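Student: show me how the following folds:
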Amino acid sequence: MMTLRNYLTVCALLSFVALGCSTESPTQSPRDAVTSDSVAKESSSAPAEAKKSAISLAPAGNDTPPLDGGRVQSVMPQGWKFLPRSSDYLFAAYFQEKGGVPRLVLRETEAGDLPMTDSAETAKPLAELVRKELPSSQESPLSVLNVGENWFVRYEKKMSFRSLPASGVFLVTVQGGKRFTLELLTYADKKEEFLPALYRFAADLKVETESSPSSAEVGADGEEADESQVDSSASQ
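Tutor: Numbering: from 1, shown residues only. The predicted structure is shown next:
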């Protein structure tokens, strides 16, 4: 027959074993989507040339019209539609609602003396300039991202659209003496869903680096997109 003392000894041993099992760490599930924080951590932990971020590309859709006199072209994500031409951007597309979000926009400006962005190293001057241009209230982690054959400086902004929280994800590159900014504007809770569309456009972006005979630009017909409802001044 078990004495009281033996019984208490056995209970103590069982408690110790149970306590030891409860200290095991749960297995962490992998993340499928890439955020600016995760990309920034990768950039700081290893050279950008040696490590590519695990990004997903949306299925390819239609080719864009020839842009900037035929010097620029890309491929739209499947299911996206052209927006009409505008002096505010080089190219734009929408997914469902012409005046709504998500929306892809490509803008072009002069690059000045910035070098061509064809590696993590050559992206550094562009990243420093972008950092200076961002208002202090809209600072976000900058990272250098390799998508397809192209290199970009990536950052985000908190925005609003129709009084709802929205996200702006920006990819900036210098090609052919021009600075190109590719933007994804979407509701904040849909950002991860539409990032592959942004990366598809970025991966297929092609810019002629030397002067060549230009073809006529082709624009889509229709009303201009509603830009007036987009507010990028929301505080971080």
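Student: strands along this structure, start to end?
Tutor: 60-63, 72-73, 75-77, 81-82, 91-94, 103-110, 143-147, 150-161, 164-175, 178-187, 206-207, 230-231 (DSSP state E).
Student: point out where this structure drops to low pLDDT.
Tutor: Within the chain, the segments meeting pLDDT under 70 span 1-54, 136-140, 210-236.
Student: my read: residue 115 touches residue 127, true?
Tutor: No - in this structure, residue 115 is not within contact of residue 127 by CB atoms under 8 Å, at 11.8 Å. For every residue, glycine as well, the C-beta is placed using N, CA and C.
Student: the two: who's more crowded?
Tutor: residue 127 (20 against 14; other CB atoms under 10 Å).
Student: what is the neighbour count of the closest residue to that one other than its chain neighbours?
Tutor: Nearest non-adjacent residue to residue 127, counting by CB to CB, 6 or more residues apart in numbering: residue 153, 4.7 Å away. If you count neighbours by other CB under 10 Å, residue 153 ends up with 24.
Student: any idea what residue 153 is bridged to?
Tutor: On the basis of DSSP bridges, residue 153 is bridged to residue 144, residue 172.
Student: can you tell me the distance between the two ends of stretch 62-80?
Tutor: 8 Å (CA to CA, to the nearest Å).
Student: in it, what's buried?
Tutor: 64-65, 67-68, 70-77, 80 (16 or more other CB atoms under 10 Å).
Student: which one of the residues you listed is nearest residue 184?
Tutor: Closest approach between those and residue 184, by CB to CB: residue 77, at 10.3 Å.
Student: ranges for the helices of this protein?
Tutor: All helices of the chain, identified by DSSP state H, fall at 4-22, 36-45, 124-133, 191-203.
Student: packing partners for the third one?
Tutor: Of the remaining helices and strands, those touching helix 124-133 by 3 or more CB pairs under 8 Å, 6 or more residues apart in numbering; DSSP states H and E are strand 150-161, strand 164-175.
Student: could I get these as a markdown table with distance to residue 122?
Tutor: Listed next are the helices and strands packed on helix 124-133 as a markdown table, based on distance: least, CB to CB, whole Å:
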| stretch | distance to residue 122 |
| --- | --- |
| strand 150-161 | 7 |
| strand 164-175 | 8 |
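Student: nearest to residue 202, out of those?
Tutor: strand 164-175 (5.3 Å).
Student: and the closest one, what does it pack onto?
Tutor: Looks like strand 164-175 contacts helix 124-133, strand 150-161, strand 178-187, helix 191-203 (3+ CB pairs under 8 Å, 6+ apart).
Student: 6 Å - rerun?
Tutor: Contact analysis of strand 164-175 by 3 or more CB pairs under 6 Å, 6 or more residues apart in numbering; DSSP states H and E lists strand 150-161, strand 178-187 as its packing neighbours.
Student: which residues does residue 188 contact?
Tutor: With contact taken as CB atoms under 6 Å, 6 or more residues apart in numbering, residue 188 is in contact with 165, 166, 167.
Student: what sits against the first one?
Tutor: Applying CB under 6 Å, 6+ apart, we find residue 165 in contact with residue 188.
Student: can you do 10 Å?
Tutor: Residues near residue 165 by CB atoms under 10 Å, 6 or more residues apart in numbering: 158, 159, 187, 188, 189, 234.
Student: for those, pick the one with the most neighbours.
Tutor: residue 159 (21 neighbours).
Student: wait, it touches residue 103, no?
Tutor: No - Residue 159 lies out of contact with residue 103 (CB atoms under 10 Å); the separation is 11.4 Å.
Student: I appreciate the help and will end here.
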